[in-house]
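return a 3D structure for these sequence lines:
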Amino acid sequence: MSAPRPQAEGEAAPGPPRHSGELGSTQASHRLLAYSDALLSIIATVMILPVAHTKIHPDQKLGESVQQLLLTKIAVYLMTFLIVTVAWTAHVRLFQVIELIDDVLALLNLACMMLITFLPYTAVIVAYGFYHPYLLNHQIQVSENQVFYKHHILQIILRGPVLCFLAAIFSFFFIPMSYVLLGLVIFLPHITRLIIWCKNKTVGPKEDEESHRLEAFTFYLNEPLSKERVEAFSDGVYAIVATLLILDICEDNVPDSKEVKDKFHNRLIEALSEYGPNFLAYFASFVTTGLLWFVHHSLFLYITKTTRFMGLLNTFSLAFIGGLPLAYQLTSEFAEKSHNEIEAIQVSCVITFFASIFQFAIWITALFHERETLHPLARYGGKEHAFMFAKLALYPCVSLGAFFLTCLLSKFSTAIFHIMQIVVPFAFLALRILVRISLAIMKSMLSLSRRKNVVLDEEETCLSPAETLS
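Just a heads-up that it's a prediction; the model follows:
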């Protein structure tokens with residue numbers, strides 16, 4: 001194999017791959033995908049705003065009508081969040097097929113962002129990609145049956161948009177059917193996989209070379225999902241949630257100049273102190289959002305391969321992360337001496353618990369296939385295994401503990417709850433020290449027991465056979 005030719009003096013550095021056709025240059029799709037992930041994460045997260053901004057007076061009790069209003073809005077938020085993530089998954093699949101882009105394909109992708117269900121632009125992108133095969137995945141480029149690939153990929157990618165279109169039609173005359181169809185958008189891949197699994201168990205697997213070659217474009221729970229895109233989408237959700245928290249502070253909890261002058265005699269600090277509970281709620285909610293992101297970052301630092309099932313668990317975790325602005329609104333509105341103070345704290349605990357427990361479930365799922373999905377340090381017996389377990393279990397335990405405290409202590413207030421949230425970072429540091437000390441003690445105890453066993457073995461070898469029998 002010949003060595004690469006050195007670059008001559010004055011020669012231009014090699015640029016991105018180019019195609020000599022009429023459409024001009026092609027380039028890698030990394031920035032386009034990052035931009036798309038950011039847009040989709042914003043679209044998914046801002047849907048919590050109608051829920052978080054539901055106006056409830058502090059003296060108004062959370063009666064059945066208010067509870068029903070909140071539950072309806074929360075259900076709509078969860079469904080729309082999951083549908084957007086289904087569209088994001090379809091986008092990930094689409095760009096597993098198409099690896100390079102040109103100007104036309106970039107513009108078609110921007111048109112996709114305008115219609116989140118990707119109808120009809122996904123079909124146009126797939127058709128355009130197969131019309132210019134140099135943009136496609138290498139596996140498809142070398143295939144002799146590209147038409148079969150094209151129809152199969154279109155069938156998978158357009159399944160969700162078609163169901164959304166049918167749900168829109170049924171909404172005019174039979175709304176329950178619309179909800180069923182929207183539910184199928186979310187769960188149809190899992191239902192299809194379950195039917196295939198049952199069929200294989202009863203009839204036996206069907207040997208089909210083409211279907212085996214198409215595994216990358218079907219739905220398998222253990223099929224790899226782009227780890228980089230999962231991280232980018234997740235980071236976008238966390239960043240938008242943190243931003244939404246400060247928007248509420250700027251909007252409602254800053255006194256105007258006239259109020260400072262007339263009511264507080266030009267004392268700004270005294271005027272701001274009136275909104276102290278709101279600022280405390282903001283800092284506590286921001287700390288919770290930041291630390292949950294830190295746990296997510298630590299988790300995916302040790303995950304080497306993301307499966308589709310892990311991606312599904314991550315989606316559920318992000319859906320509850322998106323509910324943190326609602327938790328902030330409730331605990332800031334229903335501050336001390338409010339009728340619904342305890343209920344607001346309990347809602348916040350439930351949101352935090354489910355956001356963190358799904359993170360814990362991702363790690364447990366990765367442990368079942370640790371050789372393929374986890375770095376050696378985080379596997380059973382690894383150096384970081386114990387600390388990873390403690391880090392992921394901290395927030396579920398803290399949120400459950402706070403929830404039970406609201407049931408036991410009648411004087412448990414939002415101020416105490418927010419102080420607990422702010423103290424959690426110090427718990428992370430204490431946890432690391434505690435885990436290190438515990439591991440050091442265990443290691444010393446094991447080494448002492450081994451030394452004792454060695455001494456006993458040496459004493460037994462020194463004894464004569466008669467002494468040993470006696």
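
can you tell me the closest non-neighbouring residue to Leu154?
Val126 (5.6 Å; C-beta to C-beta, 6 or more residues apart in numbering). Just so you know, the C-beta spots here come from the backbone N, C-alpha and C atoms, and that holds for glycine as well.

just the pLDDT at that neighbour, thanks.
Looking at Val126, its pLDDT is 74.

show me what contacts it?
Neighbouring residues of Val126 by C-beta atoms under 8 Å, 6 or more residues apart in numbering: Leu94, Val97, Lys150, Ile153, Leu154, Ile157.

among those residues, which ones are in helices?
Leu94, Val97, Lys150, Ile153, Leu154, Ile157 (DSSP state H).

show me which pair in the residues you listed is furthest apart.
Farthest apart among the ones in helices among the contacts of Val126 by C-beta to C-beta are Leu94 and Lys150. That separation is 12.5 Å.

those two: which is more packed in?
The residue with more neighbours, out of Leu94 and Lys150, is Leu94; 21 against 18, by other C-beta atoms under 10 Å.

so the more buried one makes contact with Ala127?
No - judged on C-beta atoms under 8 Å, Leu94 makes no contact with Ala127 at a distance of 12.0 Å.

make sure Phe172 is indeed in a helix.
No - counting by DSSP: H, G, I helix; E, B strand; the rest coil, Phe172 is not found in a helix; it is coil.

next, it: phi, psi?
phi -80, psi -30 (degrees, to the nearest 10).

quick one: the helices in the stretch 1-150 of the chain, in order.
Applying DSSP state H, counting those that start in this stretch to the stretch 1-150 of the chain gives helices spanning 30-45, 49-52, 64-97, 103-114, 121-131, 138-141, 146-157.

please apply the same query to the stretch 151-300 of the chain.
Under DSSP H, counting those that start in this stretch, the stretch 151-300 of the chain gives helices at 159-170, 175-202, 209-213, 227-252, 257-264, 268-273, 276-302.

now Val435: how far from Phe360?
16 Å (C-beta to C-beta, to the nearest Å).

these two: who's more crowded?
Phe360 (20 against 17).

about what we covered before: turn the contacts of Val126 into TSV, including distance to Leu82.
Output for the contacts of Val126, formatted as TSV (distance: C-beta to C-beta, whole Å):
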residue	distance to Leu82
Leu94	19
Val97	23
Lys150	28
Ile153	23
Leu154	23
Ile157	17
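
of those, closest to Ala430?
Leu94 (45.9 Å).

send the alpha carbons of stretch 170-185 over as PDB?
What follows is stretch 170-185, C-alpha atoms only, in PDB (Å, rounded to 0.1, in the frame of the first residue of the first chain):
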ATOM      1  CA  PHE A 170     -61.200  11.800  12.300                       C
ATOM      2  CA  SER A 171     -61.100  14.800  14.600                       C
ATOM      3  CA  PHE A 172     -63.900  16.400  12.600                       C
ATOM      4  CA  PHE A 173     -66.500  13.800  13.400                       C
ATOM      5  CA  PHE A 174     -65.100  11.100  15.900                       C
ATOM      6  CA  ILE A 175     -62.500  12.500  18.300                       C
ATOM      7  CA  PRO A 176     -61.900   9.200  20.300                       C
ATOM      8  CA  MET A 177     -60.600   7.600  17.100                       C
ATOM      9  CA  SER A 178     -58.100  10.500  16.700                       C
ATOM     10  CA  TYR A 179     -56.600   9.700  20.100                       C
ATOM     11  CA  VAL A 180     -56.300   6.100  19.200                       C
ATOM     12  CA  LEU A 181     -54.500   6.900  16.000                       C
ATOM     13  CA  LEU A 182     -52.100   9.300  17.800                       C
ATOM     14  CA  GLY A 183     -51.400   6.600  20.300                       C
ATOM     15  CA  LEU A 184     -50.500   4.300  17.500                       C
ATOM     16  CA  VAL A 185     -48.000   6.900  16.200                       C
END
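
please tell me how far that stretch is from the chain's geometric centre.
Centroid separation for stretch 170-185 versus its chain: 27 Å, with C-alpha atoms, centre = their mean, to the nearest Å.

may I see the buried residues of that stretch?
Phe170, Ser178, Leu181, Leu182, Gly183, Leu184, Val185 (16 or more other C-beta atoms under 10 Å).

tell me the mean pLDDT over it?
Here stretch 170-185 scores 81 as its mean pLDDT.
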